[in-house]
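**Q** just to be clear, the model below is a prediction. Sequence and coordinates:
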Amino acid sequence: MDASREAAVSRVPVEILREIFSLTHDVKHTSHFFSNENLRSFALVNKRWHSVALLELYTHIYVCYARRLEPWKAQRQLYHSLERNPPLASMVRSIRFHSSSSKHEELLFLAQSICLCDNLVHFVFRGWFHDTEPLIVALSTSYKLQSVELSFGRAFAPLCSVSRFFSMLQGWKDIHTVIIGASTLRADTKDEHTTVVHDIACPLLRRFEFKGDSMTDIHLEILSRISPSISDLSLETSTISEDALAAAFGCWRDSLESLSLEWPFSRSITVLPGDHLSKVNAILAGSTRLHTLLTASTYVSPASLNHGFPRLATLTLGIFPQETTSFIDVLRNPNTLPSLRELHVFTFRADGKWYGLDHKSSQSLQDAWKTRLMEPTTGKLRGSQ
């Protein structure tokens with residue numbers, strides 16, 4: 001770089017550099033655990049750029065498996081960097097952790113790093129460890145958290161019990177997103193059903209996703225009390241009763257916009273066509289803001305689609321083969337589902353798996369949709385196998 005160009009680069013105001021550097025972060029896609037290579041390159045331009053880039057590098061931290069360094073040693077380096085420089089630790093807004101290691105030292109240094117970050121608002125964890133207590137304690141004191149995504153390996157210890165997590169959740173007053181993967185939380189023991197509930201403890205919580213059979217009626221009731229305005233809900237469980245679902249959905253009737261309600265049929269082969277949960281069905285049909293729905297006919301029967309669901313735009317529905325004709329009749333009625341724009345239909349069979357429609361049914365579906373001037377799509381229902 002010649003002297004004139006180098007001088008021009010050096011004159012760029014710090015505020016503009018920070019704005020430019022901030023655009024290099026991929027904060028929307030939480031599944032990406034890659035380091036910020038562009039920002040690292042900017043840091044090598046000159047000393048001035050390095051000082052500005054360093055702040056941005058520590059704003060969003062990506063902790064993943066390092067090929068040249070054992071994971072626990074990499075985590076130790078991060079901890080010591082934050083410990084030696086408190087202003088740097090105060091810059092941290094998000095930590096995304098992904099590791100295939102299970103060493104206690106790695107989790108311990110991660111927990112200690114979290115405790116140093118007073119302004120941490122986003123946390124993503126994907127990994128597995130045997131002793132999770134240090135992480136639980138660290139997250140319990142991270143009061144500014146706004147979004148949390150946790151996913152633990154099935155073969156290792158879960159993070160904690162569901163009740164303990166809900167106690168921790170109530171301490172995050174600004175939380176708006178919670179995503180819990182399968183095997184992350186274990187079922188409560190007999191002496192753990194004592195969660196103290198503070199009504200509307202999480203007034204900003206809008207998105208909640210939970211996979212696994214450790215969540216019970218009690219936990220869903222707690223969720224509806226501490227977060228009365230959930231708009232995006234995803235549940236994959238077979239351990240919650242119809243009455244508990246109906247009560248919670250009644251609470252969220254005026255706020256629920258997107259719902260993914262999946263029944264793990266592969267573990268519940270005794271469910272038969274016609275076994276609809278009528279209370280849940282009626283409440284969902286009356287949800288005036290619901291625009292996206294992924295579920296099975298266990299919760300929403302084809303016949304119920306003749307009435308209600310005024311804003312439903314995207315529907316993914318699993319039905320039994322015996323219900324195909326009834327569902328197609330609903331679609332043939334131009335007065336039903338007036339806002340529907342995207343459709344995914346699947347059939348459930350006795351082997352516990354979902355399939356696309358057979359050729360005859362698929363053709364009938366195409367013909368029914370000609371009156372709506374749209375094309376339906378088919379595929380496999382998420383999480384059904």
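**A** Looks like it arrived, so ask away. Numbers count the residues shown, from 1 in each chain.

**Q** OK, contacts around the nearest residue to L205 once chain neighbours are set aside?
**A** Spatial nearest neighbour of L205, excluding adjacent residues (CB to CB, 6 or more residues apart in numbering): S227 at 3.9 Å. (Each C-beta comes from the backbone N, C-alpha and C, glycine too.) Neighbour list for S227: 200-203, 205, 208 [criterion: CB atoms under 8 Å, 6 or more residues apart in numbering].

**Q** switch the cut-off to 10 Å
**A** Residues near S227 by CB atoms under 10 Å, 6 or more residues apart in numbering: 169-170, 175-176, 178, 200-206, 208, 233, 251-252, 255.

**Q** can you go through the residues you listed and name the buried ones?
**A** The neighbour-count test (16 or more other CB atoms under 10 Å) marks 169-170, 175-176, 178, 201-202, 205-206, 208, 233, 251-252, 255 as buried among these.

**Q** of all pairs in those, which one is the farthest apart?
**A** Spatially, the most separated pair among the buried ones among the contacts of S227 is Q170 and S255, at 19.0 Å (CB to CB).

**Q** starting at the chain centroid, how far to stretch 277-288?
**A** Its chain's C-alpha centre and that of stretch 277-288 lie 24 Å apart, by CA atoms, centre = their mean, to the nearest Å.

**Q** got it, and stretch 90-110?
**A** In terms of CA atoms, centre = their mean, the centre of stretch 90-110 is found 20 Å from the chain centre.

**Q** next, the distance between the ends of it.
**A** Stretch 90-110 has an end-to-end distance of 16 Å (criterion: CA to CA, to the nearest Å).

**Q** which of the residues in it are buried?
**A** Along stretch 90-110, these residues count as buried under the neighbour rule (16+ other CB under 10 Å): 91-99, 101-103, 106-110.

**Q** let's test this: mean pLDDT of that stretch, rounded?
**A** Average pLDDT, stretch 90-110: 86.

**Q** check stretch 290-300 too.
**A** 91.

**Q** and what of stretch 126-134?
**A** For stretch 126-134, mean pLDDT rounds to 84.

**Q** which residues of this protein score low on pLDDT?
**A** Under the criterion pLDDT under 70, the flagged ranges of the chain are 1-10, 13-14, 17-45, 65-69, 101-102, 154-155, 191-194, 263-276, 349-355, 373-385.

**Q** can you list the domains in it?
**A** Split into domains by automatic domain parsing, the chain comes to 1-57, 60-145.

**Q** buried residues, stretch 246-262. List them.
**A** Within stretch 246-262, the residues scored as buried using 16+ other CB under 10 Å are 246-252, 255-262.

**Q** what are the boundaries of the helices in this protein?
**A** Listed in chain order, the helices of the chain (DSSP state H) span 3-10, 14-22, 37-42, 47-57, 71-84, 86-91, 104-116, 133-140, 162-169, 217-226, 242-251, 278-285, 324-332, 359-369.

**Q** what packs against the fourth one?
**A** It refers to helix 47-57. In this structure, helix 47-57 makes packing contacts with helix 3-10, helix 14-22, helix 37-42, helix 86-91, judged by 3 or more CB pairs under 10 Å, 6 or more residues apart in numbering; DSSP states H and E.

**Q** hey, C-alpha coordinates of that helix in PDB?
**A** Output of helix 47-57 as PDB, limited to C-alpha atoms (Å, rounded to 0.1, in the frame of the first residue of the first chain):
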ATOM      1  CA  LYS A  47      -2.300  -0.500  14.600                       C
ATOM      2  CA  ARG A  48      -5.300   1.800  14.500                       C
ATOM      3  CA  TRP A  49      -7.500  -0.700  12.700                       C
ATOM      4  CA  HIS A  50      -6.200  -3.400  15.000                       C
ATOM      5  CA  SER A  51      -7.300  -1.600  18.200                       C
ATOM      6  CA  VAL A  52     -10.800  -1.000  16.700                       C
ATOM      7  CA  ALA A  53     -11.100  -4.500  15.300                       C
ATOM      8  CA  LEU A  54     -10.100  -6.000  18.600                       C
ATOM      9  CA  LEU A  55     -13.200  -4.600  20.200                       C
ATOM     10  CA  GLU A  56     -15.400  -6.000  17.500                       C
ATOM     11  CA  LEU A  57     -13.700  -9.400  17.600                       C
END
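
**Q** and it, how far out from the chain's middle?
**A** How far helix 47-57 lies from its chain's middle: 32 Å, per CA atoms, centre = their mean.

**Q** do the longest one as well
**A** Counting by CA atoms, centre = their mean, helix 71-84 is centred 28 Å from the centre of its parent chain.

**Q** which residues touch that helix?
**A** Helix 71-84 is contacted by residues 58, 61, 63-66, 68-70, 88-92, 95, 97-117, 127 when judged by CB under 10 Å, 6+ apart.

**Q** tell me the buried residues in it?
**A** Applying 16+ other CB under 10 Å to helix 71-84 flags 71-72, 74-76, 78-79, 82 as buried.

**Q** the last one too?
**A** By neighbour count with 16+ other CB under 10 Å, helix 359-369 contains the buried residues 361, 364-365, 368-369.

**Q** for those, work out which two are farthest apart.
**A** With CB to CB as the measure, no two of the buried residues of helix 359-369 lie farther apart than S361 and W369, at 12.6 Å.

**Q** shared neighbours of these two, anything?
**A** Joint contacts of S361 and W369 (CB under 10 Å, 6+ apart) are I328.

**Q** verify the stated contact: R207 with L256.
**A** No. With contacts counted by CB atoms under 10 Å, R207 stays clear of L256, the gap being 11.4 Å.

**Q** who touches both of the two?
**A** With CB under 10 Å, 6+ apart, R207 and L256 have common neighbours 230-233.

**Q** closest one of these to D329?
**A** Closest approach to D329 among the shared contacts of R207 and L256 (CB to CB): L233, at 29.1 Å.

**Q** I'd like the distance between that closest one and W49.
**A** Distance, L233 to W49, by CB to CB, to the nearest Å: 44 Å.

**Q** also T184?
**A** To W49, T184 is 40 Å away according to CB to CB.
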